[in-house]
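S.K.: Would you be able to build a 3D model of this:
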Amino acid sequence: MVDYVTGQIAKGKLGPGDKLPNETELGEILGVSRTPIREGMKILEAASLIDIRHGYGIYVRHDEDMPQLPLMMFKLYLKDSTPEMLMELRYIFDRNCTELAAERRTEQDLAVMRECIERLRKLSKDKKSSLDDLLKADLDFHRAIYAASGNKLIVTVAEFVLNMVAPWVRKSLDVSGRYRAVSLHEQIFEMIEKRKTGPDSRESVDINMKHFQASLEALKNGAVNLETKRNDPDPVGDRRRGSAKN
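M.R.: Take a look at the predicted model:
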């Protein structure tokens, strides 16, 4: 149901203000009962894609929010994405936005990034600090990079991506410890501060993403003991070092 309606919108067959077929007609088109149709309607309404007018019908939204329609559809697609897919999407954003930020950043942009890193550093040293606070400092740093790109469209789309990947970033912080995140963000900041682009800039993002990927793999494989990871600043890194010695 959701795929059908968003597909019709994407193809231009449904536009703002257009009336959708009723539940019976949609059921016949899709060959399903009314139950999945109604569930799909709830999802589309929650995403602000449709307006259900009881007694009148179901319409594609047509108001001041409509310029965000493609982003609402994008958000729906993101909900069905795997962690690996989200990581690849985030990698594209970070890799390119870091270079744009290096070229366009202002002193104010750098000040915001520094504040995020210092907040992350302070929280990482405080054993009582929450993962949620660490996550906010982490994501705020990346938001500062996107803002430094000087492209409002990037900032808007990136916010959708960050919101979807946030639970996995949180798990990554929990798995790999609190300290490693500081050094990873410092490397990216240094590239931006020194206006470095090309291979140098990409390398700092690559290291960050590889660490994130290693954390996801650890989560998938259940390889990290909960008590160990709470006391070890970088269990993922230690496993790598241990493997290298062997």
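
S.K.: CA atoms for contacts and neighbours, from now on please.
M.R.: Fine.

S.K.: Where in the chain is the helix or strand with the lowest mean pLDDT?
M.R.: In the chain, no helix or strand scores lower on mean pLDDT, DSSP states H and E than helix 226-231, which sits at a mean of 38.

S.K.: hmm, who's touching stretch 120-140?
M.R.: If you take CA atoms under 8 Å, 6 or more residues apart in numbering as the criterion, stretch 120-140 is touched by 116-117, 119, 162, 166, 169-170, 173-174, 178-179, 181-182.

S.K.: ok, which stretches of the protein are helices?
M.R.: 2-10, 23-30, 34-46, 69-79, 83-104, 107-125, 131-148, 152-176, 179-193, 199-221, 226-231, 235-245 (DSSP state H).

S.K.: As a markdown table, these with distance to Arg53 and mean neighbour count would be great.
M.R.: Converted to a markdown table, those look like this (distance: least, CA to CA, whole Å; neighbours: other CA atoms under 10 Å):
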| stretch | distance to Arg53 | mean neighbour count |
| --- | --- | --- |
| helix 2-10 | 17 | 16 |
| helix 23-30 | 13 | 14 |
| helix 34-46 | 11 | 16 |
| helix 69-79 | 19 | 16 |
| helix 83-104 | 35 | 19 |
| helix 107-125 | 45 | 18 |
| helix 131-148 | 37 | 21 |
| helix 152-176 | 28 | 18 |
| helix 179-193 | 48 | 19 |
| helix 199-221 | 43 | 17 |
| helix 226-231 | 50 | 13 |
| helix 235-245 | 53 | 13 |
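
S.K.: which one of those helices has the lowest average pLDDT?
M.R.: Note on the helices of the chain: lowest mean pLDDT is at helix 226-231, with a mean of 38.

S.K.: Please parse the protein into its domains.
M.R.: 2-65, 81-245 (automatic domain parsing).

S.K.: how distant is the first one from the center of its chain?
M.R.: The chain centre lies 26 Å from the centre of domain 2-65; the measure is CA atoms, centre = their mean, to the nearest Å.
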